[in-house]
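*Asks:* Any chance you could fold what I've pasted below:
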Amino acid sequence: MSSAKEDWCTPPKIVEVLNKIGPIGLDPCSNSGSIIPSKYSFTLPSDGLKVDWAYYAADGFTFVNPPYGSKQKDWVTKAVEEAAKGAFVVMLVPARPDTKMWHNQILGRASVCLVRGRITFIGAANGAPFPTALIAFSNNPDELRRFELACTGLGTVICVTSPTPEDIYEP
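*Replies:* Residues are numbered from 1 along each chain as shown. Sure, this is the predicted structure:
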């Protein structure tokens, strides 16, 4: 895996978990090699950060495997904002709970599944050089519970309990 490449395709074992959560309505940062079965997707040159993800909420949850690199924080910020508007957002990100981004935007706001072992992205010769996590942002406890149940067996799940927009989703 090279840090020079930003778009690593989600591996099948993660897609299996996503399918257990429910239908995927939107993949706002897709690419030509993606196997994500979303109803809608946006690829470059379209900018998925400019799309209203909550608009697609009726068609299922939003799945984001963001570009790896400096833009990742923008995608997490967008997920927090869209969840506050009613979207259910699941993301695949490097598990880096020691970083400011994790402390400021993920921990305490999202349910987290720390994936056991290193995943191998589609097209990569080896496993990722970093641990990964699936994270879920939602102000709906039923959606978070679906996420948590779907992740059983994938890794350790850390739950957000009783999320409310007032105490969870402050940008």
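*Asks:* which ones are touching the residue sitting nearest the centre point of the chain?
*Replies:* Centroid-nearest residue in the chain, with C-alpha atoms, centre = their mean: Met91, separated by 0.4 Å. Counting by C-beta atoms under 8 Å, 6 or more residues apart in numbering, Met91 makes contact with 63-66, 75-76, 79, 134-137. (C-beta placed from N, C-alpha, C; glycine too.)
*Asks:* Now with 6 Å, please.
*Replies:* Applying C-beta atoms under 6 Å, 6 or more residues apart in numbering, we find Met91 in contact with 64, 79, 135.
*Asks:* Just put the residues you listed in TSV and tack on pLDDT, secondary structure and distance to Ile14.
*Replies:* TSV is the format used below for the contacts of Met91 (pLDDT from 0 to 100; DSSP: H, G, I helix; E, B strand; the rest coil; distance: C-beta to C-beta, whole Å):
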residue	pLDDT	secondary structure	distance to Ile14
Val64	95	strand	12
Ala79	96	helix	17
Ile135	97	strand	12
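*Asks:* ok, now how distant is Asp114 from Lys73?
*Replies:* Check again: residue 114 is Leu, not Asp. Distance check for Leu114 against Lys73: by C-beta to C-beta, to the nearest Å, it reads 20 Å.
*Asks:* and the residue sitting furthest away from the middle of the chain, which of the three is it?
*Replies:* Most distant residue from the mean C-alpha position of the chain: Ala125, 23.0 Å away (C-alpha atoms, centre = their mean). When classified by DSSP: H, G, I helix; E, B strand; the rest coil, Ala125 comes out as coil.
*Asks:* still on that earlier bit, mind putting the contacts of Met91 into TSV with neighbour count?
*Replies:* Shown next, in TSV, are the contacts of Met91 (neighbours: other C-beta atoms under 10 Å):
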residue	neighbour count
Val64	28
Ala79	27
Ile135	26
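*Asks:* now the strands for this structure?
*Replies:* Assigned by DSSP state E, the chain shows strands spanning 24-30, 38-43, 61-64, 89-94, 111-115, 132-137, 155-158.
*Asks:* Cheers, nothing more for now.
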